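1. From the sequence below, what's the structure:
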Amino acid sequence: MIKKISILMVIMMMVFLVGCVDNGDTTTDTGVEADTLDSIIERGTMTFAMTGAYPPFNYIDTDGELIGFDIDIANAIAEKLGVEAEPVTVLWDGIIGGLTSERFDMIIGSMAVTEDRLKQVNFTEPYYYDGAQFFGKADLDVQDISEIEDAVVGVVTGTTFQNFLENMDNVKDIMQFESDIDNMRAVQQGRTDGLVTGLLVGLNGIENFDMPLEPIGDPLYTEACAIAIRKEDPKLLEAVDNALQEIIEDGTYAEISEKWFGVNILEN
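-> Residues are numbered from 1 along each chain as shown. So this is what the prediction gives:
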């Protein structure tokens with residue numbers, strides 16, 4: 001009888017221990033809820049996502065290296081945190097899902113802050129502002145996108161630009177692309193009347209990729225771009241916000257911005 005009771009106690013203890021391992025508890029030994037910041041510091045790396053197809057903010061160069069403004073900003077923030085930055089390239093349409101499912105620690109990929117996105121993730125203070133701009137061929141002969149009848153306009157899937165165009169009565173078709181490089185080529189090939197993208201991205205494409213486009217009309221709207229972090233990571237949000245403020249105050253941000261744009265885009 002004693003032997004049976006002993007065996008039963010061992011089995012119950014094993015079940016209890018397995019339960020402790022598998023219950024997804026995120027508290028530390030001190031009873032304080034754990035945060036992704038703790039994991040980042042422990043492993044010494046910070047993973048961040050972007051598409052890798054949004055030059056000059058993030059893109060793959062001719063040598064196959066991932067470079068751009070966002071990459072440099074991520075590296076500078078990681079340095080302030082005392083860790084290394086590790087980029088992860090993701091299709092834009094699934095990037096928030098990738099963050100909430102913990103495939104990476106944050107999004108540093110020129111993501112605009114919107115009410116819908118704020119329901120899913122938190123954002124740092126903006127690290128730059130950009131205008132949504134319509135670009136078309138020089139011979140389009142219009143002063144504004146609203147003048148084009150039955151317009152066919154390209155966007156990257158899942159962007160705020162797509163949502164905006166859906167509310168324009170004169171836009172007949174919105175063609176979706178995985179990158180703005182493909183988006184610009186579609187205009188070149190005559191498949192679309194033009195595209196909507198960030199003003200800085202479009203101007204970069206004209207200058208550095210020899211795209212025969214020009215901005216038409218004023219920016220459609222201005223948006224703030226910030227770093228997205230999971231809602232359950234308040235410590236990480238505060239740490240990244242503080243690091244961002246530090247690189248702005250010590251001149252690192254200005255150096256990075258001058259490198260990619262020739263100006264401090266946070267002040268323009």
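2. all contacts plus neighbour counts: C-alpha atoms, from now on.
-> Noted.
3. where in this protein is pLDDT low?
-> Applying pLDDT under 70 to the chain flags residues 1-34.
4. hey, where'd the helices end up in it?
-> 2-22, 36-43, 69-81, 95-100, 115-118, 160-165, 180-188, 199-208, 234-249, 252-261 (DSSP state H).
5. Need the contact partners of stretch 136-144.
-> 148, 187-188, 193-195, 212-218 (Cα atoms under 8 Å, 6 or more residues apart in numbering).
6. one more time with 7 Å
-> Asp193, Gly194, Leu195, Pro212, Leu213, Glu214, Pro215, Ile216, Gly217 (Cα atoms under 7 Å, 6 or more residues apart in numbering).
7. beta partners for the third one?
-> Residues found in beta-bridge contact with Leu195 (criterion: DSSP bridges) are Phe135, Gly154.
8. what number of residues lie near it?
-> 29 (other Cα atoms under 10 Å).
9. That one and Val153 touch, don't they?
-> Yes - between Leu195 and Val153 there is a contact at 5.1 Å, judged by Cα atoms under 7 Å.
10. Taking the contacts of stretch 136-144, please make a ChimeraX selection of just the buried ones.
-> The ChimeraX selection below is limited to those of the contacts of stretch 136-144 classed as buried (16 or more other Cα atoms under 10 Å):
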select :193,194,195,212,213,214,215,216
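11. Domain map for the chain?
-> 36-129+225-261, 130-222 (automatic domain parsing).
12. got TSV for those, with distance to Asn268 too?
-> Shown next, in TSV, are the domains of the chain (distance: least, Cα to Cα, whole Å):
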stretch	distance to Asn268
domain 36-129+225-261	8
domain 130-222	9
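13. Nearest to Glu267, out of those domains?
-> domain 36-129+225-261 (8.5 Å; Cα to Cα).
14. And that closest one, end to end?
-> 32 Å (Cα to Cα, to the nearest Å).
15. Give the full set of residues in contact with Thr100.
-> Arg230.
16. quick one: it from Pro234, how far?
-> On the measure of Cα to Cα, Thr100 and Pro234 end up 14 Å apart.
17. rewinding a little: return the most buried member of the helices of the chain.
-> helix 69-81 (a mean of 22; mean count of other Cα atoms under 10 Å).
18. Only the C-alpha atoms, please, for that one, written as PDB.
-> Backbone C-alpha positions of helix 69-81 (Å, rounded to 0.1, in the frame of the first residue of the first chain) are rendered in PDB as follows:
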ATOM      1  CA  PHE A  69      17.900  54.100 -43.800                       C
ATOM      2  CA  ASP A  70      15.800  51.700 -41.700                       C
ATOM      3  CA  ILE A  71      18.700  49.300 -41.400                       C
ATOM      4  CA  ASP A  72      21.100  52.000 -40.100                       C
ATOM      5  CA  ILE A  73      18.500  53.200 -37.600                       C
ATOM      6  CA  ALA A  74      17.900  49.700 -36.300                       C
ATOM      7  CA  ASN A  75      21.700  49.200 -35.900                       C
ATOM      8  CA  ALA A  76      22.000  52.500 -34.000                       C
ATOM      9  CA  ILE A  77      19.100  51.600 -31.700                       C
ATOM     10  CA  ALA A  78      20.600  48.100 -31.100                       C
ATOM     11  CA  GLU A  79      23.900  49.700 -30.200                       C
ATOM     12  CA  LYS A  80      22.200  51.800 -27.500                       C
ATOM     13  CA  LEU A  81      20.600  48.700 -26.100                       C
END
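19. helices or strands next to it in the packing?
-> Where contact means 3 or more Cα pairs under 7 Å, 6 or more residues apart in numbering; DSSP states H and E, helix 69-81 is packed against strand 58-60, strand 84-89, strand 106-112, helix 234-249, helix 252-261.
20. Now do the contacts for the most centrally placed residue in the chain.
-> Of all residues in the chain, the one closest to the mean position by Cα atoms, centre = their mean is Gly109, 2.8 Å from it. Applying Cα under 7 Å, 6+ apart to Gly109 gives the contacts Ala49, Met50, Thr51, Asp70.
21. what number of residues lie near Glu267?
-> 8.
22. What of Trp92?
-> 22.
23. What are the neighbouring residues in contact with it?
-> Contacts of Trp92 (Cα under 7 Å, 6+ apart): Thr51, Thr157, Gly158.
24. most neighbours, which of those residues?
-> Thr51 (24 neighbours).
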